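A.B. asks: Output the structure for:
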Amino acid sequence: MDKDQAYREKIDAQLKILSARIDELKAMAQKAKADVKIEYMEGLEALEANQKKVKKKLEDMKKAGKAAGKDLKEGIDMSLFDLKKAVESAFERFKQQ
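C.D. replies: You can find the predicted model right below:
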């Protein structure tokens, strides 16, 4: 297994974990009161949009050559970091309700 493939598998695994966390947030939002539920659902839509962006960047990296793949890694890492922060922030907001 080369480094690029290992990196892609690592990112895929992290995306699966974040996807499960987002699903957990959806379940929590469904239990929320109606007025708060709208706010949570909008936030979840933003999280899912960010998740799709990371997946698209990963797909682009898979299609790119090794040289281009290196350039894409930095963008993927930043996007994944931002997504993780947003998911954890959403959990904190849910806990405060």
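A.B. asks: Low-confidence ranges, this structure, go.
C.D. replies: 1, 67-69, 97 (pLDDT under 70).
A.B. asks: Spell out the residue ranges of the helices in it.
C.D. replies: Under the criterion DSSP state H, helices of the chain are mapped to 3-31, 34-63, 66-96.
A.B. asks: what would these look like in TSV with mean neighbour count?
C.D. replies: Every C-beta, even on glycine, is put in place using the N, C-alpha and C of the backbone. Below are those laid out as TSV (neighbours: other C-beta atoms under 10 Å):
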stretch	mean neighbour count
helix 3-31	14
helix 34-63	14
helix 66-96	14
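A.B. asks: Provide a list of residues in contact with Arg93.
C.D. replies: Residues near Arg93 by C-beta atoms under 8 Å, 6 or more residues apart in numbering: 40, 43.
A.B. asks: how far away is it from Met41?
C.D. replies: Arg93 sits 13 Å away from Met41, going by C-beta to C-beta, to the nearest Å.
A.B. asks: ditto for Lys85
C.D. replies: For Lys85, the distance to Met41 - C-beta to C-beta - is 20 Å.
A.B. asks: and if you look at Gln96?
C.D. replies: From Gln96 to Met41 the distance is 17 Å (C-beta to C-beta).
A.B. asks: what's the answer for Glu48, then?
C.D. replies: Applying C-beta to C-beta to Glu48 and Met41 gives a distance of 10 Å.
A.B. asks: And Gln51, by the same measure?
C.D. replies: Distance from Gln51 to Met41, by C-beta to C-beta: 15 Å.
A.B. asks: and what of Ala27?
C.D. replies: With C-beta to C-beta as the criterion, Ala27 and Met41 are 12 Å apart.
A.B. asks: For the residue lying closest to Lys55 once chain neighbours are set aside, give me its contacts.
C.D. replies: Excluding the flanking residues, the one nearest Lys55 by C-beta to C-beta, 6 or more residues apart in numbering is Leu15, at 6.3 Å. When contacts are counted by C-beta under 8 Å, 6+ apart, Leu15 touches 51, 54-55, 58, 80.
A.B. asks: All good on my end, thank you.
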